[in-house]
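**Q** structure, please.
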Amino acid sequence: MALRGLENAADGFRAGAADLVRMAETTPVGLLARVLLVFSFLFMALPGIDLAVSSWFAGPQGGFPLEADPALNLLRSLNDALILALLATATISLVSAAADRPSRWLMRPYKALFLFAVFAVGPGLVVNLIMKELFGRARPREILEFGGDLPFSAPWQVVGGCAGNCSFTSGEAASAAAMLAVGLLVARPWRPVVLAAIALPAAAISLNRIAFGGHFLSDVVLSWLIVAIVMLLIWPVFAAAAPVIDKRVTGSGLEAWRIAKARFGAVRRPVSAASDVSPA
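**A** So this is what the prediction gives:
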C-alpha cells in the first residue's frame, strides 16, 4: 500500500511537472518566465554588463552627474504623477459604481480593482517588500567602482551590503511597468496603440534610474519581467470573476448607507425615548 501510494505521488508529480513544462511552452506567462530565467542567468554569468552600462553615466570622479539634471528629475516626477492619475481614476470609478452611478467614461469595477491588485502585488509586495529587502544589493552610486564604499554584487545574490530599500529590483521601474496593465483593459484593436503610448514614457522613466545611479540595468529589466508575469497571472482571475465583482460593487455604497442609517436610527430611538422621560 505504501509503495502504491509512493507510485501515485510520483505519477502526480510527473503529471504536474508536465503541465508546468506545457504551460512554459504555450502560455504568455510561461514564455515570460523563460525570458526571466534567460536574462537572470545572463546578468549573473556576466555581471560586467551592469557595471559597463552604469559606467556610461558615471562621472570621472565618481558619482552620477545626471542625478542633478532638472529635466531628468522632472521625468522622474512624471512617474508619480501618472500613477496617481491612474489610481485616482480607478478610485473614482469604484466610488461611482458603489454609488450606483456608473459611467461609460469610467472603468468597470473589476478593471479598477485589477489595477489596484497589480500595483499592490507587483511593485508593492514582490518588489518593494520582498526583493528589495531580501537581497541587499547596493545601488550603483553606493559601490566602490563609482565612488561609494560598498561592494558590487550580482542580481539574485543575497548579500548584506545594503540595509534597506536596496537596488534589486527597481521599485520605480516596477511601478512604471505596472501602468502597462491599462493595455489589458481596452478593446483588443486598441491594445497595441495603448501599450505603445504607455511603454515609451515607462521605459524612459525606468532607464532614467540607471542614469541617476539608482539602479543597474538588471534591476530594471528584471523588474519589468516580474511585474509582467504578476500582471498576466492576476488578469484571468479578475476577468473570469468580472460579472460577480461588478454586481457586488455596483450599488454597494448605497446599501451600506441604508444599513448604517437603519442601525443608527435603531440606536437613536431608545436613547431619545429615555431622554424624554422626566425624573419622578
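**Q** wait, Leu134 sits on Gly160?
**A** No: with contact defined as C-beta atoms under 8 Å, Leu134 does not reach Gly160; the gap is 11.1 Å. All C-beta atoms are positioned from the backbone trio N, CA, C, and that covers glycine.
**Q** what about the spatially closest residue to Asn128 that is not a sequence neighbour, neighbour count?
**A** Once flanking residues are discounted, Asn128 sits nearest to Gly171: 5.0 Å by C-beta to C-beta, 6 or more residues apart in numbering. Other residues near Gly171 come to 22 when the count uses other C-beta atoms under 10 Å.
**Q** repeat that for Gly251.
**A** 15.
**Q** tell me the contacts of it?
**A** By C-beta atoms under 8 Å, 6 or more residues apart in numbering, Gly251 lies in contact with 97-100.
**Q** need the helix or strand of this protein with the lowest average pLDDT.
**A** helix 2-26 (a mean of 54; mean pLDDT, DSSP states H and E).
**Q** mean confidence for the helix or strand following that one?
**A** As assigned by DSSP states H and E, the chain's next helix or strand after helix 2-26 is helix 28-45. Mean pLDDT, helix 28-45: 96.
**Q** which residues touch the residue minimising distance to the centre of the chain?
**A** By C-alpha atoms, centre = their mean, the chain has its centre lying nearest to Gly122, at 2.7 Å. Neighbouring residues of Gly122 by C-beta under 8 Å, 6+ apart: 174, 177-178, 226-227, 230-231.
**Q** let's have those residues in JSON lines, adding neighbour count, pLDDT and distance to Leu74.
**A** What follows is the contacts of Gly122, written out as JSON lines (neighbours: other C-beta atoms under 10 Å; pLDDT from 0 to 100; distance: C-beta to C-beta, whole Å):
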{"residue": "Ala174", "neighbour count": "27", "pLDDT": "97", "distance to Leu74": "21"}
{"residue": "Ala177", "neighbour count": "29", "pLDDT": "96", "distance to Leu74": "20"}
{"residue": "Ala178", "neighbour count": "27", "pLDDT": "97", "distance to Leu74": "21"}
{"residue": "Ile226", "neighbour count": "22", "pLDDT": "97", "distance to Leu74": "27"}
{"residue": "Val227", "neighbour count": "27", "pLDDT": "97", "distance to Leu74": "24"}
{"residue": "Val230", "neighbour count": "26", "pLDDT": "96", "distance to Leu74": "29"}
{"residue": "Met231", "neighbour count": "24", "pLDDT": "96", "distance to Leu74": "27"}
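**Q** of these, closest to Leu86?
**A** The closest of the contacts of Gly122 to Leu86 turns out to be Ala178 (C-beta to C-beta; 8.9 Å).
**Q** so that closest one sits against Ala228, correct?
**A** No: under the criterion of C-beta under 8 Å, Ala178 is not in contact with Ala228, lying 9.3 Å apart.
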